[in-house]
Each structure stands twice: as structure tokens, then as C-alpha cells.
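Chemist: quick one: sequence and predicted model below, then my questions.
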Amino acid sequence: MLITEATFIAREAGGYATAPGIYSQDQIDAWRKVTTAVHGKGGYIFSQLWALGRANFAGGGAQLLEDVKTVAPSPIGLSDDSVPAELSLDDIQRYIGHYKQAASNAHVAGFDGVEVHGANGCESGSPAPLEKLAVR
């Protein structure tokens, strides 16, 4: 079984210019080629869905998208010089919607399931909707 690492759920949830996403039709079509190849070899593949959240600050030379702002459920940064904008309740609901849509897109792209990445300052919304994200 393969698990893709760090697939953005929406442009606004990203920040790294060269990281993959699963929010546009072009991305879904490209992932379909990958999942078809994996299934052709008898394998299984899951997509790890993520949103950068407070972890959206350049580190290790990562190239960041200039138009994506760093957000989190609270204005607490990973360091004193990296304070994210606080998400409103409406913003959090929008991110939950992004996760739902990304899970649906993963299904369309041929993934066997999804994993939600919520560690190290990355945003995973609320635990409540995670059952709804399962793609079987």
C-alpha cells in the first residue's frame, strides 16, 4: 500500500509552490494516471490530505506562494516571529468543506482511501467530520 504525502486540499490551504494538490480537475486527472498505474501492479494507494495552517512559514528553503496567507484556529505560531491569522468559525467550516471536497476528488481520481494529516501545526479542521471523509 502507498500513501501519498502532503496533498493540498485547496489552494488557500497550501503555500508551497511545488507541492501537489487535489482540488482542480487537472490535478484529479493527473492523479488518476498514478492510481491507475498503482492498481495495474496490484497495489493500493491512499491520498494524505493536508492544509498547512500555522506551519505555512518558509523553512528549509521552501518556496511559498505569495498570495496564500498563513492561518490557524488561533493566533499562536510555531515561533515568536510566525503568528498566523486566526480563522473565524465560517473559515473553519470552509476548510471542513475543502477536506470533504478533496476526499471526494480523491475518490474520483481512483484513490482507495484518504488519510488526514493534522500534525506539526497543519490544519485538520474538526475531528467530528473525519468519519464522513472516509472513502471506501
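Modeler: Sure, I can see it.

Chemist: how close does the most centrally placed residue in the chain sit to residue 110?
Modeler: Compute the mean C-alpha point of the chain, and by Cα atoms, centre = their mean the closest residue is residue 50, 2.3 Å away. When distance is defined by Cβ to Cβ, to the nearest Å, residue 50 is 19 Å away from residue 110. Placement of C-beta: from N, CA and C, glycine included.

Chemist: can you tell me the element the residue nearest to the centre of the chain falls in?
Modeler: strand 45-50 (DSSP states H and E).

Chemist: and the contacts of that strand?
Modeler: 1-9, 13, 22, 31, 34-35, 38-39, 99, 102-103, 106, 109-118, 122-124, 133 (Cβ atoms under 8 Å, 6 or more residues apart in numbering).

Chemist: name the helices or strands packed onto the helix or strand just after it?
Modeler: Later in the chain than strand 45-50, the nearest helix or strand by DSSP H and E is strand 71-72. In terms of contacts (3 or more Cβ pairs under 8 Å, 6 or more residues apart in numbering; DSSP states H and E), strand 71-72 is packed against strand 85-86.

Chemist: quick one: strands adjacent to the strand holding residue 50?
Modeler: strand 2-3 (parallel), strand 7-8 (parallel), strand 113-116 (parallel) (DSSP bridges).

Chemist: before we move on, the earlier item: excluding its backbone neighbours, what's nearest the residue nearest to the centre of the chain?
Modeler: residue 117 (3.8 Å; Cβ to Cβ, 6 or more residues apart in numbering).
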